[in-house]
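Undergrad: Whatever this is, show me its structure:
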Amino acid sequence: MIFLSHNWKDKPIVEPIAIKLSEVYGMENVFYDSWSMQPGEGIIDKMNQGLEQCEFFFFFVSKNSLASNMVKLEWQNALYIATQNKVKLIPVKLDDCLMPTILLQTLYIDVFANGLDFAFKQMVDVINKQNTFLPQHQTYQNVRGYLSILIPDKEIQIEVKAETYLEPMSKYIVLVENEETEVDCECKELLYPTGEKFVRDVNDGANYKCNGFYFYISKPTMPGFPIRFSLKSKSDIPIRFKGIMRAVAENQIRTIPIIQ
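TA: Numbering: from 1, shown residues only. As a prediction, this is how the structure comes out:
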């Protein structure tokens with residue numbers, strides 16, 4: 001059993017992970033409250049049943065979950081069981097919260113720094129008891145994107161933020177699998193119309209090519225001042241957003257983590 005301990009406020013991040021895990025391991029093997037608890041059932045009883053059966057306890061650590069007494073009860077019970085080698089407790093960090101002192105000696109999966117796709121791959125490796133090392137840099141990611149779906153398939157917004165320090169260069173490519181005639185892409189911080197253009201066959205770093213909208217924004221990316229991109233469909237064809245890349249050096253671009 002795979003137990004997902006989280007606060008309901010973090011469901012926009014946790015639920016996509018839960019669904020992906022259920023597709024791999026089966027819904028009956030993933031304890032996620034939205035489908036593991038039914039009306040009329042005792043919450044504490046179901047939680048204890050899930051804990052008794054679970055082998056992997058993923059604690060989604062965030063400011064929201066650390067403020068929840070129910071989540072605290074879950075992960076502290078799991079920690080006690082883990083001391084008896086009956087369950088493996090794996091923290092999954094969702095934001096810039098402070099990790100509980102008692103968990104500092106435990107290696108954690110970092111969604112906040114590395115993005116959802118990278119974190120999900122590590123979770124699967126833990127469950128499959130494989131080495132979680134991936135052959136790519138796991139350095140601190142100062143620039144991250146936050147995705148908001150305004151109208152499914154029709155309109156999305158991405159806020160690109162510098163989390164800690166200023167990035168002097170603001171060159172970005174918004175990656176899509178659409179043609180230029182199918183979607184509009186705008187940046188509210190773009191001051192000059194010459195700073196945007198549609199580009200084809202962009203290599204996203206994973207040997208996959210797609211199209212994109214290139215933006216050269218004449219101001220730095222600064223903490224507290226996000227750069228906002230919006231994608232809107234021009235037709236009945238849905239938006240197929242693939243991510244955002246930014247220039248990190250001359251002739252070098254890199255994908256930034258996207259958090260939904």
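Undergrad: tell me the contacts of the closest residue to residue 127 other than its chain neighbours?
TA: Nearest residue to residue 127, sequence neighbours excluded (Cβ to Cβ, 6 or more residues apart in numbering): residue 56, at 5.6 Å. Every C-beta, even on glycine, is put in place using the N, C-alpha and C of the backbone. By Cβ atoms under 8 Å, 6 or more residues apart in numbering, the contact list for residue 56 reads 1-3, 87-88, 90, 126-127.
Undergrad: Distance check, residue 241 against residue 147.
TA: Computed as Cβ to Cβ, to the nearest Å, the residue 241 to residue 147 distance reads 8 Å.
Undergrad: Look at these two and report which has more neighbours.
TA: The residue with more neighbours, out of residue 241 and residue 147, is residue 241; 21 against 17, by other Cβ atoms under 10 Å.
Undergrad: in terms of contact, does that one touch residue 176 like I think?
TA: Yes: with contact defined as Cβ atoms under 8 Å, residue 241 reaches residue 176; the gap is 5.8 Å.
Undergrad: can you list residues touching both of those two?
TA: Residues touching both residue 241 and residue 176 (Cβ under 8 Å, 6+ apart) are residue 231.
Undergrad: so where's the stretch 101-250 of the chain uncertain?
TA: Scanning the stretch 101-250 of the chain for pLDDT under 70 picks out 105, 131-140, 191-196, 204-207.
Undergrad: where exactly do the strands run in it?
TA: Remark: strands assigned in the stretch 101-250 of the chain by DSSP state E, counting those that start in this stretch are 109-110, 143-151, 155-162, 170-176, 183-187, 196-203, 209-217, 227-233, 241-249.
Undergrad: Direction included, what does the second one pair up with?
TA: When sheet partners are counted by DSSP bridges, strand 143-151 sits next to strand 155-162 (antiparallel), strand 258-259 (parallel).
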